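> have a look at this fold, sequence not included:
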(Lines give C-alpha, C1' and ligand atoms only; values in the text may rest on other atoms or scores of the structure.)
Protein backbone atom coordinates (compact mmCIF):
# COMPACT_ATOMS: atom_id res chain seq x y z
CA UNK A 1 0.00 0.00 0.00
CA UNK A 2 2.74 2.47 0.93
CA UNK A 3 4.51 1.79 -2.37
CA UNK A 4 1.37 2.95 -4.17
CA UNK A 5 1.59 6.44 -2.67
CA UNK A 6 3.18 9.36 -4.56
CA UNK A 7 6.81 9.75 -3.53
CA UNK A 8 6.16 13.07 -1.77
CA UNK A 9 3.41 11.57 0.40
CA UNK A 10 5.53 8.53 1.22
CA UNK A 11 8.50 10.67 2.25
CA UNK A 12 6.21 12.69 4.52
CA UNK A 13 5.23 9.45 6.30
CA UNK A 14 8.75 8.11 6.79
CA UNK A 15 9.60 10.09 9.97
CA UNK A 16 6.60 8.57 11.79
CA UNK A 17 6.97 5.03 10.45
CA UNK A 18 8.83 2.42 12.48
CA UNK A 19 10.02 -0.92 11.08
CA UNK A 20 9.01 -3.76 13.41
CA UNK A 21 9.44 -7.52 13.27
CA UNK A 22 6.27 -9.57 13.69
CA UNK A 23 6.38 -13.25 14.62
CA UNK A 24 3.99 -16.09 13.86
CA UNK A 25 1.13 -16.22 16.36
CA UNK A 26 1.70 -12.69 17.68
CA UNK A 27 -1.54 -10.93 18.64
CA UNK A 28 -1.65 -7.32 17.46
CA UNK A 29 -5.13 -6.59 18.84
CA UNK A 30 -7.75 -8.46 20.75
CA UNK A 31 -11.38 -8.08 19.74
CA UNK A 32 -12.94 -4.98 21.32
CA UNK A 33 -9.51 -3.77 22.46
CA UNK A 34 -8.22 -0.27 21.78
CA UNK A 35 -6.03 0.11 18.69
CA UNK A 36 -2.77 1.87 19.54
CA UNK A 37 -0.82 1.33 16.32
CA UNK A 38 -1.58 0.68 12.66
CA UNK A 39 0.59 -1.73 10.66
CA UNK A 40 1.53 -1.77 7.00
CA UNK A 41 2.84 -5.32 6.31
CA UNK A 42 5.95 -5.68 4.16
CA UNK A 43 6.50 -9.42 3.85
CA UNK A 44 4.23 -10.70 6.62
CA UNK A 45 0.47 -11.25 6.73
CA UNK A 46 -2.18 -11.00 9.42
CA UNK A 47 -5.47 -12.82 9.99
CA UNK A 48 -8.60 -11.12 11.24
CA UNK A 49 -10.53 -13.51 13.50
CA UNK A 50 -14.08 -13.22 14.77
CA UNK A 51 -15.26 -15.11 17.83
CA UNK A 52 -18.37 -17.22 18.25
CA UNK A 53 -19.91 -19.09 21.16
CA UNK A 54 -17.75 -21.31 23.34
CA UNK A 55 -14.60 -19.31 22.73
CA UNK A 56 -14.25 -20.56 19.16
CA UNK A 57 -13.06 -18.31 16.37
CA UNK A 58 -12.78 -18.29 12.58
CA UNK A 59 -10.88 -16.20 10.08
CA UNK A 60 -12.86 -13.59 8.16
CA UNK A 61 -10.04 -11.67 6.48
CA UNK A 62 -6.38 -11.92 5.52
CA UNK A 63 -4.19 -8.82 5.14
CA UNK A 64 -0.77 -8.62 3.52
CA UNK A 65 1.30 -5.92 1.86
CA UNK A 66 -1.75 -4.77 -0.12
CA UNK A 67 -3.35 -3.26 2.97
CA UNK A 68 -3.20 -1.94 6.50
CA UNK A 69 -3.96 -3.60 9.83
CA UNK A 70 -5.96 -1.26 12.05
CA UNK A 71 -8.34 -0.05 9.35
CA UNK A 72 -11.15 0.98 11.77
CA UNK A 73 -9.00 3.98 12.79
CA UNK A 74 -9.35 5.37 9.26
CA UNK A 75 -13.13 5.25 9.80
CA UNK A 76 -12.93 7.11 13.11
CA UNK A 77 -13.20 4.00 15.30
CA UNK A 78 -10.49 3.29 17.89
CA UNK A 79 -11.58 -0.24 18.86
CA UNK A 80 -10.86 -3.36 16.84
CA UNK A 81 -13.91 -5.50 15.94
CA UNK A 82 -11.63 -8.48 15.28
CA UNK A 83 -8.70 -10.27 16.83
CA UNK A 84 -5.61 -9.59 14.68
CA UNK A 85 -3.09 -12.46 14.68
CA UNK A 86 0.15 -12.68 12.70
CA UNK A 87 -0.13 -15.64 10.32
CA UNK A 88 3.21 -15.31 8.59
CA UNK A 89 6.14 -13.67 10.33
CA UNK A 90 8.13 -10.87 8.76
CA UNK A 91 8.40 -7.10 8.94
CA UNK A 92 5.86 -4.31 8.91
CA UNK A 93 5.85 -0.53 9.12
CA UNK A 94 4.15 0.62 12.32
CA UNK A 95 2.66 4.02 13.08
CA UNK A 96 1.19 5.48 16.26
CA UNK A 97 -2.49 6.35 16.12
CA UNK A 98 -1.96 10.07 16.73
CA UNK A 99 0.52 10.24 13.85
CA UNK A 100 -1.74 8.22 11.58
CA UNK A 101 -4.74 10.46 12.19
CA UNK A 102 -2.72 13.56 11.40
CA UNK A 103 -1.27 12.10 8.19
CA UNK A 104 -4.62 10.66 7.16
CA UNK A 105 -6.26 14.08 7.43
CA UNK A 106 -3.50 15.74 5.40
CA UNK A 107 -2.84 13.21 2.63
CA UNK A 108 -5.50 12.80 -0.05
CA UNK A 109 -3.51 9.94 -1.60
CA UNK A 110 -3.38 8.01 1.68
CA UNK A 111 -7.12 8.44 2.12
CA UNK A 112 -7.76 7.22 -1.41
CA UNK A 113 -5.62 4.11 -0.89
CA UNK A 114 -7.26 3.27 2.42
CA UNK A 115 -10.82 3.81 1.21
CA UNK A 116 -10.12 1.53 -1.74
CA UNK A 117 -8.63 -1.11 0.56
CA UNK A 118 -11.67 -0.82 2.84
CA UNK A 119 -13.85 -1.67 -0.15
CA UNK A 120 -11.64 -4.64 -1.10
CA UNK A 121 -11.51 -5.99 2.45
CA UNK A 122 -15.30 -5.79 2.72
CA UNK A 123 -15.56 -7.90 -0.43
CA UNK A 124 -13.09 -10.43 0.97
CA UNK A 125 -14.92 -10.66 4.32
CA UNK A 126 -18.32 -11.11 2.64
CA UNK A 127 -16.97 -13.77 0.26
CA UNK A 128 -15.27 -15.61 3.13
CA UNK A 129 -18.53 -15.71 5.07
CA UNK A 130 -20.36 -17.21 2.08
CA UNK A 131 -17.49 -19.63 1.45
CA UNK A 132 -17.53 -20.91 5.04
CA UNK A 133 -21.26 -21.49 4.77
CA UNK A 134 -21.53 -23.28 1.42
CA UNK A 135 -18.21 -24.89 0.47
CA UNK A 136 -16.43 -28.05 1.57
CA UNK A 137 -13.40 -27.95 3.86
CA UNK A 138 -11.11 -29.20 1.07
CA UNK A 139 -12.17 -26.32 -1.20
CA UNK A 140 -11.79 -23.80 1.60
CA UNK A 141 -8.35 -25.11 2.50
CA UNK A 142 -7.19 -24.83 -1.11
CA UNK A 143 -8.53 -21.25 -1.21
CA UNK A 144 -6.73 -20.34 2.01
CA UNK A 145 -3.42 -21.86 0.87
CA UNK A 146 -3.61 -19.92 -2.40
CA UNK A 147 -4.45 -16.65 -0.64
CA UNK A 148 -1.50 -17.14 1.69
CA UNK A 149 0.82 -17.94 -1.21
CA UNK A 150 -0.27 -14.76 -3.01
CA UNK A 151 0.62 -12.61 -0.01
CA UNK A 152 4.04 -14.06 0.72
CA UNK A 153 4.85 -14.64 -2.98
CA UNK A 154 6.08 -18.15 -2.25
CA UNK A 155 4.80 -21.69 -2.76
CA UNK A 156 6.04 -22.78 0.66
CA UNK A 157 5.11 -21.57 4.14
CA UNK A 158 4.83 -22.86 7.68
CA UNK A 159 1.63 -23.34 9.69
CA UNK A 160 0.41 -26.03 12.06
CA UNK A 161 -2.75 -28.01 11.42
CA UNK A 162 -4.10 -26.73 14.73
CA UNK A 163 -3.71 -23.12 13.64
CA UNK A 164 -5.16 -23.88 10.21
CA UNK A 165 -8.18 -25.46 11.89
CA UNK A 166 -8.67 -22.18 13.74
CA UNK A 167 -8.43 -20.22 10.49
CA UNK A 168 -11.03 -22.41 8.77
CA UNK A 169 -13.32 -22.73 11.79
CA UNK A 170 -13.25 -26.54 11.77
CA UNK A 171 -11.89 -29.31 13.96
CA UNK A 172 -8.32 -30.47 13.50
CA UNK A 173 -9.49 -33.84 12.16
CA UNK A 174 -11.28 -31.98 9.36
CA UNK A 175 -8.02 -30.28 8.41
CA UNK A 176 -6.19 -33.63 8.39
CA UNK A 177 -8.77 -35.19 6.06
CA UNK A 178 -8.76 -32.20 3.69
CA UNK A 179 -4.96 -32.05 3.62
CA UNK A 180 -4.79 -35.78 2.84
CA UNK A 181 -7.14 -35.35 -0.13
CA UNK A 182 -5.00 -32.56 -1.57
CA UNK A 183 -1.83 -34.59 -1.04
CA UNK A 184 -3.32 -37.65 -2.74
CA UNK A 185 -3.94 -35.50 -5.82
CA UNK A 186 -0.30 -34.29 -5.70
CA UNK A 187 -1.46 -30.70 -5.37
CA UNK A 188 0.48 -29.95 -2.19
CA UNK A 189 2.84 -31.47 0.35
CA UNK A 190 2.67 -31.16 4.12
CA UNK A 191 5.49 -32.11 6.47
CA UNK A 192 6.22 -30.95 10.01
CA UNK A 193 4.13 -27.82 9.81
CA UNK A 194 5.29 -26.85 6.31
CA UNK A 195 2.92 -26.58 3.33
CA UNK A 196 4.33 -26.67 -0.21
CA UNK A 197 2.25 -26.08 -3.33
CA UNK A 198 3.23 -28.66 -5.96
CA UNK A 199 0.66 -27.85 -8.63
CA UNK A 200 -0.61 -24.28 -8.52
CA UNK A 201 -3.02 -24.62 -11.44
CA UNK A 202 -4.44 -27.84 -10.02
CA UNK A 203 -4.88 -26.24 -6.60
CA UNK A 204 -6.80 -23.34 -8.16
CA UNK A 205 -9.08 -25.90 -9.81
CA UNK A 206 -9.55 -27.68 -6.46
CA UNK A 207 -10.45 -24.44 -4.68
CA UNK A 208 -13.93 -22.99 -4.75
CA UNK A 209 -14.71 -20.05 -7.05
CA UNK A 210 -14.37 -17.66 -4.10
CA UNK A 211 -10.59 -17.56 -4.52
CA UNK A 212 -10.64 -16.41 -8.12
CA UNK A 213 -13.54 -14.04 -7.55
CA UNK A 214 -11.72 -12.09 -4.82
CA UNK A 215 -8.35 -12.29 -6.59
CA UNK A 216 -9.87 -10.84 -9.79
CA UNK A 217 -11.39 -7.94 -7.85
CA UNK A 218 -8.01 -7.15 -6.29
CA UNK A 219 -6.28 -7.44 -9.69
CA UNK A 220 -8.75 -5.09 -11.39
CA UNK A 221 -8.29 -2.63 -8.55
CA UNK A 222 -4.52 -2.74 -8.95
CA UNK A 223 -4.90 -2.20 -12.67
CA UNK A 224 -7.03 0.87 -12.11
CA UNK A 225 -4.48 2.26 -9.63
CA UNK A 226 -1.62 1.73 -12.09
CA UNK A 227 -3.61 3.50 -14.81
CA UNK A 228 -4.41 6.38 -12.44
CA UNK A 229 -0.73 6.86 -11.58
CA UNK A 230 0.26 6.76 -15.27
CA UNK A 231 -2.32 9.42 -16.11
CA UNK A 232 -1.23 11.49 -13.12
CA UNK A 233 2.43 11.37 -14.21
CA UNK A 234 1.51 12.34 -17.79
CA UNK A 235 -0.65 15.20 -16.53
CA UNK A 236 2.13 16.46 -14.25
CA UNK A 237 4.67 16.17 -17.07
CA UNK A 238 2.47 18.10 -19.51
CA UNK A 239 1.83 20.79 -16.93
CA UNK A 240 5.59 21.22 -16.35
CA UNK A 241 6.26 21.26 -20.08
CA UNK A 242 3.67 23.95 -20.55
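Ah, there it is. The model shown is predicted, which means the values in this text are computed figures rather than measured ones.

> beta partners of the residue nearest in space to the middle of the chain?
For the chain, the residue sitting closest to the mean C-alpha position, by C-alpha atoms, centre = their mean, is residue 63 at 1.4 Å. When bridges are taken as DSSP bridges, the partners of residue 63 come out as residue 46.

> any idea how far it lies from residue 92?
From residue 63 over to residue 92 the distance is 10 Å, taken as C-beta to C-beta, to the nearest Å. All C-beta spots, glycine's among them, are computed from the backbone N, C-alpha and C.

> now the common contact residues for these two.
For the pair residue 63 and residue 92, residues contacting each of them under the criterion C-beta atoms under 8 Å, 6 or more residues apart in numbering are 41, 69.

> how about the helices in the protein?
With DSSP state H as the criterion, the chain has helices at 7-13, 97-106, 108-134, 137-152, 161-168, 172-184, 200-206, 209-241.

> closest one to residue 38 among those helices?
For the helices of the chain, distance to residue 38 was read as C-beta to C-beta. The smallest value, 5.1 Å, belongs to helix 97-106.

> the closest one vs helix 108-134, what angle?
Between helix 97-106 and helix 108-134, the angle comes out at 110 degrees (axes from the mean of the first three to the mean of the last three C-alpha atoms, to 10 degrees).

> which positions within helix 97-106 qualify as buried?
By neighbour count, and taking 16 or more other C-beta atoms under 10 Å as the criterion, the buried residues in helix 97-106 are 99, 100, 101, 103.

> nearest spatial neighbour of the first one, chain-adjacent residues omitted?
What sits nearest to residue 99 in space, not counting adjacent residues and going by C-beta to C-beta, 6 or more residues apart in numbering, is residue 16, at 3.9 Å.

> these two touch, right, that neighbour and residue 96?
Yes. The pair residue 16 and residue 96 qualifies as a contact (C-beta atoms under 8 Å) at a distance of 7.0 Å.
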